[in-house]
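Visitor: generate coordinates for the sequence data below:
(one chain, ligands or ions: 1)
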Amino acid sequence: MKRVLITGAARGIGLATARAFAAAGWSVISLDKEFGGEVIGQRVDFDLRRTEEISALVAGIGTVDALVNNAAVLYCDPADRIPEEHAREILAVNLQAPGALIGAVAPGMTERGGGRIVNVSSVAAFTGHPDLWYGVSKAGLLNMTKFWARVLGPKRVLVNAVAPGPTKTRMYDQLPQSRRDEVMRVVYSGRVCEPEEVAQAILWLGSACPEYVNGTTLDVNNGSYPR
Ligand SMILES: NC(=O)c1ccc[n+]([C@@H]2O[C@H](COP(=O)([O-])OP(=O)(O)OC[C@H]3O[C@@H](n4cnc5c(N)ncnc54)[C@H](O)[C@@H]3O)[C@@H](O)[C@H]2O)c1
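Guide: Numbers count the residues shown, from 1 in each chain. All right, here's what the predicted structure looks like:
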């Protein structure tokens, strides 16, 4: 049975993705720093701020056929008062940890002749997002996607990204109402995305998409950022 490692799998898009992979017959390894309720598959309690421990963690997990870099944090801070520790946490969890995880799973994938990696970015990557370091981290993740696709493509490891728009999760709930209203004015069907819809896009990139789909970003935004 193929094994997928999903970060931030305790809730939201990560939990929906864990359910989708499990329903498709995968063995799921769910990683998070705090589990509240449902856990799909093998549970790994780990705080991704501990980036320097990631390679040892992955060595202990064993074979990983697919990796979903989904965990992230967002803080809505005023532009002139962004706490240093928020910037540090965002860059560690949203950017450095995915990089360390890719670096840690890549040798095993290339040895076995293939693998798939899906990075969960955001429309925030394109918009000049009001939460500075969140937007920077999501834009950086797209460059990381292309970098690793170039490096690992010859070894049949695919590295792609999804860029969701507003999705019904706790992260979306923390946005100020004015920003949620703004988004709702532009999305084509006047509703937020269900986490399951993003999960299906991740599942496709992580399992069934053609090998020629590599280094790309799949928008799941329904008009919230046409490009
Ligand atoms: N919800 C949206 O509107 C939206 C839009 C675009 C992109 N995204 C992206 O989707 C992904 C999932 O977000 P979500 O909306 O499900 O958010 P969420 O806040 O519901 O879930 C995030 C998960 O990441 C985990 N996490 C956070 N910090 C961690 C750490 N240090 N170590 C381990 N786990 C940690 C949390 O515990 C949580 O389970 C994120 O990458 C987010 O940036 C979300």
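Visitor: C-alpha only now, for contacts and for neighbours.
Guide: Fine.
Visitor: SS state for the residue nearest to residue 41 when sequence neighbours are not counted?
Guide: Excluding the flanking residues, the one nearest residue 41 by C-alpha to C-alpha, 6 or more residues apart in numbering is residue 28, at 4.9 Å. Here residue 28 is recorded as strand under DSSP: H, G, I helix; E, B strand; the rest coil.
Visitor: check residue 218 too.
Guide: Classification of residue 218 using three-state DSSP returns strand.
Visitor: the lengthiest strand in the chain close to the ligand?
Guide: Determined from DSSP state E, the single longest strand within the chain is strand 157-164. Yes. Contact of strand 157-164 with the ligand (C-alpha under 6 Å from any ligand atom) involves residue 164.
Visitor: residues in contact with that strand: which ones?
Guide: By C-alpha atoms under 8 Å, 6 or more residues apart in numbering, the surrounding residues in contact with strand 157-164 are 106, 109-110, 113-123, 125, 142, 145-146, 148-149, 152-153, 198, 201-202, 205, 211, 213-221.
Visitor: output that strand as PDB - backbone C-alpha positions only.
Guide: The C-alpha coordinates for strand 157-164 follow below in PDB (Å, rounded to 0.1, in the frame of the first residue of the first chain):
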ATOM      1  CA  VAL A 157       9.400  12.700  -8.700                       C
ATOM      2  CA  LEU A 158       6.700  15.300  -9.400                       C
ATOM      3  CA  VAL A 159       6.500  18.500  -7.400                       C
ATOM      4  CA  ASN A 160       3.400  20.600  -7.800                       C
ATOM      5  CA  ALA A 161       1.300  23.100  -5.900                       C
ATOM      6  CA  VAL A 162      -2.300  24.100  -5.300                       C
ATOM      7  CA  ALA A 163      -3.300  27.700  -4.700                       C
ATOM      8  CA  PRO A 164      -6.600  27.700  -3.000                       C
END
